[in-house]
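Q: Below are the sequence and a predicted model; questions follow.
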Amino acid sequence: MQFEELKKLKSGTDVRGVAVSGDLPVNLTDEAVELIVNAFIKWLSAKFGKQKLKIAIGNDSRISAERIVKCASSAILSSGCDVVYTGLSSTPSMFILLKKSGWGVDASIMVTASHMPYDRNGLKFFTPEGGLDGKDVEEILRLAANGEKLHGTGSYEEKSFMDEYSQILVNTVESACGKLPLKGKKIIVDAGNGAGGFFAEKVLKPLGADTDGSQFLEPDGYFPNHIPNPEDKVAIASISSAVIREKADLGIIFDTDVDRAACVDFGGGEINRNALIALVSAILLKEKAGTIVTDSVTSDGLTEFIEALGGKHLRFKRGYKNVIDKCKELNESGEYSPLAIETSGHAAFKENYYLDDGAYLITKILISLALQAKDGKSLTSLIATLKRPVEEDEVRITFNERSTDFKKEGAKVIEDIKEIAAKDANMILSPVNHEGVRINFKEGKGGWLLLRMSVHDPVMPINFESNYKGGNKAAARTLLKILENYPFLELKNLKNFTL
């Protein structure tokens, strides 16, 4: 396979593609998987300076997992390296086993495509240093295109890490709260038929929680009930209804591979996006003042909330690896930053190897839930002062057939809007902004929009926030008048939003 063909499988720091035949042709083929895993082993060998390696492989519940695990295992074994197959696993567990299992594993591969449709799948790579960077993945794809590989015969064994991983989470809660800290609490889980069903049985129950009423815990790679995505409105509505029906104290929802999560409070209220960030910030800033790093689309109310707690809020570039790397950079420079978190639910704690781990995120929240209950307070009392916008919306515009270089064209649109906003009495450019163009509006009761380029695709997402009803549409109309001057933009979605 040619490099350009393989590069189409690169998705940020992962490899992702179509793995099941249907509406789209399969491009994550057996050949592609074997070439890429062969190259990963070659890359690791050079990195570690040894040829005999032990690699762990795990997967989520996707229907193509068995095929891809088989191809990946074959490539590792034919490279003369050993395979430990961990079966159904969460993505974070595949990194933690490199740190805490004692198995002598050099690296790991997680077979997952996160929340993407059932016909997709992918590969996520870990070394003891963490997940790979995008440049590492690109280097591996170049090696794959050249057919680079080692040769030999390796051994194969099957061994799950999920019980041990679950116990680590249980121990984390117990060390902060004592034995059975959730006794008397009803906490339900929605795993979306992904890999997160373990949390109810192996984490919550040992902590004393009643988990009756949990739903969609059984793995099913067709995801028949709803998309396993904490950002999805249908998914959130499902766990919210379950909490109300079961009279639960807390609802928990994971994405397919459990690197993201969100919550629902005892009244069915969503604790997600800005509210989730505020909750975790309140927990951490109570321990020690520091900088919370988020993606670029977080609210002004969140900034005020963090600052009122003695913290600092740094909005950085969208993309969980971007916020994680910025958090690391701050700590290395001497500025304490305990958390890197996206509105999508990716949350990485300094105390947990900067790993975006949805189960660990929930574990921190469970500790707070138990401690708040001891003081006769609710979990949501921690975010009672968070100012919520009246409206939050996202609209995505694309590039049409007149586009010749969407990256350059998108960059020009953003720079042009900065110049226009600087001369418009109703617009205020955000003084600190690391991505796209963020504009605050003077008219009405306040609000803002952020126009940026997608991390990977020919798409320009626009995020709106307003403190009054109709404010987002008003901002969208203002923006539409500007964007209509660019013939290479497809504005149908934005036009429909303004109606």
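A: Sure thing, it's come through.
Q: And the strands in the stretch 351-499 of the chain, which stretches?
A: Applying DSSP state E, counting those that start in this stretch to the stretch 351-499 of the chain gives strands spanning 391-399, 427-429, 437-441, 447-451, 459-466, 489-490.
Q: do you know which of the ones you listed lies nearest Gly208?
A: Of all those, strand 391-399 sits nearest to Gly208, with 36.0 Å by Cβ to Cβ. (Each C-beta comes from the backbone N, C-alpha and C, glycine too.)
Q: ok, residues contacting that closest one?
A: Strand 391-399 has contacts (Cβ atoms under 8 Å, 6 or more residues apart in numbering) with 273, 297, 299, 406, 409-410, 447, 454, 458-466, 468-472, 476, 483, 488-491, 493-494, 497.
Q: again with stretch 76-83
A: 37-38, 41-42, 51-57, 73, 149-157.
Q: Mind checking which of those are in helices?
A: Members of the contacts of stretch 76-83 lying in helices (criterion: DSSP state H): 37-38, 41-42, 73.
Q: Give me the distance between Ser175 and Ile168.
A: For Ser175, the distance to Ile168 equals 11 Å [Cβ to Cβ, to the nearest Å].
Q: What ranges does the stretch 151-300 of the chain have for its strands?
A: 156-158, 187-190, 250-254, 261-264, 270-271, 291-294.
Q: Glu435: which of those strands is closest?
A: Short answer: strand 291-294, nearest of those by Cβ to Cβ, at 11.5 Å.
Q: CA atoms only: put stretch 276-286 into PDB for me.
A: Output of stretch 276-286 as PDB, limited to C-alpha atoms (Å, rounded to 0.1, in the frame of the first residue of the first chain):
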ATOM      1  CA  LEU A 276     -18.600  18.800  34.200                       C
ATOM      2  CA  ILE A 277     -15.400  20.900  33.900                       C
ATOM      3  CA  ALA A 278     -16.700  23.200  36.700                       C
ATOM      4  CA  LEU A 279     -17.400  20.200  39.000                       C
ATOM      5  CA  VAL A 280     -13.900  18.600  38.600                       C
ATOM      6  CA  SER A 281     -12.300  22.000  38.800                       C
ATOM      7  CA  ALA A 282     -14.100  22.700  42.100                       C
ATOM      8  CA  ILE A 283     -12.800  19.300  43.400                       C
ATOM      9  CA  LEU A 284      -9.200  19.900  42.500                       C
ATOM     10  CA  LEU A 285      -9.000  23.600  43.300                       C
ATOM     11  CA  LYS A 286     -10.200  22.800  46.800                       C
END
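Q: pLDDT (mean, whole number) over that stretch?
A: In this model, stretch 276-286 has an average pLDDT of 97.
Q: so how far is it off the chain centroid?
A: Remark: stretch 276-286 is offset 18 Å from the chain centroid, using Cα atoms, centre = their mean, to the nearest Å.
Q: for the spatially most central residue of the chain, phi and psi?
A: The centroid of the chain falls nearest to His346 when counting by Cα atoms, centre = their mean (3.6 Å). Note on His346: backbone dihedrals following degrees, to the nearest 10 are phi -70, psi 120.
Q: quick one: it and Tyr320 touch, right?
A: Yes - between His346 and Tyr320 there is a contact under Cβ atoms under 8 Å: 3.7 Å.
Q: Now the common contact residues for these two.
A: Both His346 and Tyr320 are in contact with Asp356, where contact means Cβ under 8 Å, 6+ apart.
Q: Any regions of the stretch 301-450 of the chain where pLDDT drops low?
A: 444 (pLDDT under 70).
Q: The closest residue to Asn229 other than its chain neighbours sits in which helix or strand?
A: Nearest non-adjacent residue to Asn229, counting by Cβ to Cβ, 6 or more residues apart in numbering: His115, 3.8 Å away. Here His115, judged by DSSP states H and E, is contained in no helix and no strand.
Q: Surely His115 is in contact with Val258?
A: No - counting by Cβ under 8 Å, His115 does not reach Val258; the two are 11.1 Å apart.
Q: And those two? Which one has more around it.
A: Using other Cβ atoms under 10 Å, the more surrounded residue of His115 and Val258 is Val258, with 29 against 24.
Q: Correct me if wrong: that one contacts Ser90.
A: Yes - if you go by Cβ under 8 Å, Val258 and Ser90 touch, sitting 3.7 Å apart.
Q: Now for those two: what residues contact both?
A: Joint contacts of Val258 and Ser90 (Cβ under 8 Å, 6+ apart) are 195-196, 357-359.
Q: Farthest pair within these?
A: For these, the farthest-apart pair by Cβ to Cβ is Ala195 and Asp357; their separation is 12.6 Å.
Q: Mutual contacts of the two, please.
A: In contact with both Ala195 and Asp357: 90, 258, using Cβ under 8 Å, 6+ apart.
Q: how many other residues sit next to Gln2?
A: 7.
Q: circling back to that earlier point, and Ala195 and Asp357? Which one has more around it.
A: Between Ala195 and Asp357, counted using other Cβ under 10 Å, Ala195 has the larger neighbour count: 31 against 27.
Q: got a list of what the more buried one touches?
A: By Cβ under 8 Å, 6+ apart, the neighbours of Ala195 are 60-61, 88-90, 219, 254, 256-258.
Q: Let's see if you can find the most crowded of those.
A: With neighbours set by other Cβ under 10 Å, the maximum within the contacts of Ala195 is found at Phe254, which has 32 neighbours.
Q: quick one: that residue from Leu217, how far?
A: Counting by Cβ to Cβ - Phe254 and Leu217 are separated by 10 Å.
Q: Then Phe125?
A: Separation of Phe125 from Leu217 (Cβ to Cβ): 28 Å.
Q: who has more neighbours, these two?
A: For Phe125 versus Leu217, neighbours defined as other Cβ under 10 Å are more numerous around Phe125 (23 against 19).
Q: residues touching the nearest residue to that one once chain neighbours are set aside, list them.
A: Distance criterion Cβ to Cβ, 6+ apart; nearest residue to Phe125, sequence neighbours excluded, is Leu132 at 4.8 Å. Going by Cβ under 8 Å, 6+ apart, Leu132 touches 13, 125-126, 140.
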